[in-house]
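Colleague: Have a look at this prediction, sequence included:
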Amino acid sequence: MPFCSSLIVIAGLLLLKRAQSRGVSTWTVTILVSLASAIVFSALTLLGGAMQPLVMLWQPATIALLFLAGQSFLFLAVKMGDVSIVAPVLGIKVLLVPAIGTLLVSEFPELRIWLASAIAMLGVAFVQITDANVKRTAIISALIFALLCALSMTFFDLLIQRWAPAWGAGRFLPITFAFVGLFSLAFLPWADRPREVIRRGNATVLLVGTVLMAIQAIGMTFTLAQFGDATRVNIVYSLRGIWGVCLTWLLAGLAHESGEQPSSRTMLMRLIGALLIGASVAISVT
């Protein structure tokens, strides 16, 4: 499921990048993805679980805030930068998860997991290479937002692994994402009006993009809640860095409305970095 999610998330991000390049607000994207996720995750109630006392609702509420923050930072990063940069940089989670996991879930990874994390970090360094004529301010902003997203989602992953088993995936996740949808409504004052979105011809792009983001989220989150092992799950999920570079390269017109595209040399460097992240996957799961 993390492998499939790593593919789906890039397709979703490319579509949402296109919508933002056409003038759609980041907060509109955040609200739509949050509401779509709340709807999709409600299907997991069929799995059942053990409902905890109402005083424990602070747990799914806390995780919902982390997810909402992570998604907001992600869409800001994609708006400022390029999917071929943002997706691989999110691979820093493979280092954050085992480092913070030793504190939150008493999980002490093997030496090869740390080696895989180090190789993935080297790959992250490669994907930051960009053309000289590109505004460095935008790239730096994208990197900062991507790192903030990685940090938020690291705590999100680890706390799901820690708290979800007592509730069961069929209770914890639907409640969590109901909170996500509710909290996202706080961004309504800054969102676009529906008529503006439709008039700009973004309705279909937004619909497909938000559905894909919700589907990939359920694949990742259910895996963490049901099986744990956040470190290796995130290393497999880091394959999205490879897909981010390759699909952005092949489908440049989808993400770059203006026609401004990274050079072949830049994309090659990013691909090398993404492949290093892929090598870390092989080390971690064999």
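Modeller: That came through, no problem.
Colleague: going forward, measure contacts between C-alpha atoms and count neighbours the same way
Modeller: Will do.
Colleague: What ranges in the protein fall below the confidence cut-off?
Modeller: 94-95, 98-99, 101-109, 128-136, 251-262, 284-286 (pLDDT under 70).
Colleague: Look up how far residue 167 lies from the residue lying farthest from the centre of the chain.
Modeller: Here the chain reaches farthest from its C-alpha mean at residue 53, the gap being 30.5 Å by Cα atoms, centre = their mean. Here residue 53 is placed at a distance of 10 Å from residue 167 (Cα to Cα, to the nearest Å).
Colleague: Now residue 245. Nearest residue, chain neighbours left out?
Modeller: residue 84 (4.4 Å; Cα to Cα, 6 or more residues apart in numbering).
Colleague: Show me which positions of stretch 45-57 end up buried.
Modeller: Residues 45, 49 are the ones in stretch 45-57 that count as buried (16 or more other Cα atoms under 10 Å).
Colleague: And the strands in the chain, which stretches?
Modeller: In the chain, no segments count as strands under DSSP state E.
Colleague: tell me the helices in it, going along the chain?
Modeller: Assigned by DSSP state H, the chain shows helices spanning 2-21, 26-41, 58-80, 83-89, 93-104, 111-127, 136-167, 169-184, 194-199, 203-227, 230-237, 240-250, 252-255, 264-285.
Colleague: will you turn the ones you listed into CSV that also has distance to residue 48 and mean neighbour count?
Modeller: Below are those laid out as CSV (distance: least, Cα to Cα, whole Å; neighbours: other Cα atoms under 10 Å):
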stretch, distance to residue 48, mean neighbour count
helix 2-21, 22, 23
helix 26-41, 13, 23
helix 58-80, 16, 22
helix 83-89, 34, 29
helix 93-104, 26, 21
helix 111-127, 33, 21
helix 136-167, 9, 20
helix 169-184, 5, 23
helix 194-199, 36, 12
helix 203-227, 12, 20
helix 230-237, 22, 26
helix 240-250, 31, 23
helix 252-255, 40, 18
helix 264-285, 30, 21
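Colleague: Show me the one of the ones you listed that comes nearest residue 47.
Modeller: Set against residue 47 and scored by Cα to Cα, the helices of the chain come closest in helix 169-184, at 4.6 Å.
Colleague: on that earlier part again, switch the helices of the chain over to a markdown table; also include distance to residue 47.
Modeller: Formatted as a markdown table, the helices of the chain follow (distance: least, Cα to Cα, whole Å):
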| stretch | distance to residue 47 |
| --- | --- |
| helix 2-21 | 20 |
| helix 26-41 | 11 |
| helix 58-80 | 17 |
| helix 83-89 | 31 |
| helix 93-104 | 26 |
| helix 111-127 | 32 |
| helix 136-167 | 11 |
| helix 169-184 | 5 |
| helix 194-199 | 35 |
| helix 203-227 | 11 |
| helix 230-237 | 21 |
| helix 240-250 | 28 |
| helix 252-255 | 37 |
| helix 264-285 | 28 |
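Colleague: Can you dump the C-alpha atoms of stretch 70-90 in PDB for me?
Modeller: The C-alpha trace of stretch 70-90 is given here as PDB (Å, rounded to 0.1, in the frame of the first residue of the first chain):
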ATOM      1  CA  GLY A  70       1.400  18.800   6.900                       C
ATOM      2  CA  GLN A  71      -1.000  19.100   4.000                       C
ATOM      3  CA  SER A  72      -1.000  22.900   4.100                       C
ATOM      4  CA  PHE A  73       2.900  23.000   4.100                       C
ATOM      5  CA  LEU A  74       2.900  20.500   1.200                       C
ATOM      6  CA  PHE A  75       0.600  22.500  -1.000                       C
ATOM      7  CA  LEU A  76       2.500  25.700  -0.200                       C
ATOM      8  CA  ALA A  77       5.800  24.000  -1.200                       C
ATOM      9  CA  VAL A  78       4.300  22.700  -4.500                       C
ATOM     10  CA  LYS A  79       3.000  26.200  -5.300                       C
ATOM     11  CA  MET A  80       6.300  27.800  -4.600                       C
ATOM     12  CA  GLY A  81       8.500  25.200  -6.200                       C
ATOM     13  CA  ASP A  82       8.300  22.100  -8.300                       C
ATOM     14  CA  VAL A  83       7.000  18.600  -7.700                       C
ATOM     15  CA  SER A  84      10.400  17.200  -8.800                       C
ATOM     16  CA  ILE A  85      12.000  19.100  -5.900                       C
ATOM     17  CA  VAL A  86       9.300  18.800  -3.200                       C
ATOM     18  CA  ALA A  87       8.600  15.100  -3.500                       C
ATOM     19  CA  PRO A  88      12.200  13.900  -3.100                       C
ATOM     20  CA  VAL A  89      12.900  16.400  -0.300                       C
ATOM     21  CA  LEU A  90      10.000  14.900   1.700                       C
END
